[in-house]
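Engineer: I need the structure of the sequence given here:
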Amino acid sequence: MTITHDDARRQNFHYRLLRDAVERLTDSVPGKLEITKEGIVHDMMSPGRPHEVTAGLVSRRLEKVAPDGIWAHVGTPDVEDEPEGIKRHPDIMVIAFEDMQGDGPFDPRTIIAAVEVVSRSNPDNDWVGKVRDYPLLGIPVYAVFDPRTGTGAVMSDIHRTPEGPRYATRKDFVYGEDVTIADWTISTDGLPRYGDVGE
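Structural biologist: Now for the predicted structure:
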C-alpha cells in the first residue's frame, strides 16, 4: 500500500489531536497516558511499590555497570516519533547524557535500551503494544520485568517483516538470574513481586 502526501498529512493531524488531548488530560486523570497507532493507551493505576522499587533497582544496577555518561534514566520526558504517530514513556531509558540535552521529548533513535516493569492493571501494554511499538521507534533493545510472575525477557535485533520492524531475538529470564541489557549484565536477585509483604 502506498501512502500519499495527503494520507501522511491526515495521519500527522490525527496524531497531533491525540497528543493535544493527552497533554490536556495528563494532570487530571490518574495513571499514565501514551499514544500508539491504535489511539490513546491509559494505564489507569498509578504504579505501586513493587513496580517503583523494581524500576529503581534495575536503574541503579545498570548505572553501576555502564560507563560514565550512560544513564538509566527514570522520569520524564517521553520518547516520541510524530511521523510514526507514537509517544511512549518507558519506565527506564538507557541513554547517553549528551542525548538528554535540550527541550521536548527524547528522540527514540538515541535510546540505547528501553526497560518496562509490567503494570498489574494493563500487562498487554508492555507485553504486546510496546513489543510492537519500540522496534517501530528504532529502539534497539527492549527489556521487560514482570513482577506478576517473577520473569522477564530482553528483545533485540530489529529486522523487517511484512507487518513492519520487529525484534528477531527474545531471551527469557526468571528472577534470580543475571540478565544482559544492551552491553551490560545485571543481577535480578531481590526484585520484588506483586503481593510481596510490605506492598
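Engineer: give me the number of residues near the spatially closest residue to S187 that is not a sequence neighbour?
Structural biologist: In this structure, S187 finds its nearest non-sequential neighbour in D178, 5.7 Å apart by CB to CB, 6 or more residues apart in numbering. All C-beta atoms are positioned from the backbone trio N, CA, C, and that covers glycine. For D178, the neighbour count with other CB atoms under 10 Å is 10.
Engineer: ramachandran angles for D178?
Structural biologist: When read as degrees, to the nearest 10, the backbone of D178 gives phi -80, psi 150.
Engineer: who's in contact with it?
Structural biologist: 185-188 (CB atoms under 8 Å, 6 or more residues apart in numbering).
Engineer: how near is it to G195?
Structural biologist: 24 Å (CB to CB, to the nearest Å).
Engineer: one more: K37?
Structural biologist: Taken as CB to CB, the span from K37 to G195 is 34 Å.
Engineer: which one of the two has more residues nearby?
Structural biologist: Set K37 next to G195 and count neighbours by other CB under 10 Å: K37 wins out with 14 against 10.
Engineer: residues near the closest residue to that one other than its chain neighbours, how many?
Structural biologist: Take K37 and drop its neighbours on the chain: the residue closest to it by CB to CB, 6+ apart is G85, 5.5 Å away. As a burial measure, G85 scores 21 neighbours (other CB under 10 Å).
Engineer: now swap in I112 and tell me
Structural biologist: 21.
Engineer: ok, it - contacts?
Structural biologist: 70, 94-96, 140-141, 182.
Engineer: of the residues you listed, closest to E63?
Structural biologist: Of all these, I70 has the smallest distance to E63: 7.6 Å, by CB to CB.
Engineer: what about that closest one, neighbour count?
Structural biologist: Considering only other CB under 10 Å, I70 is surrounded by 20 other residues.
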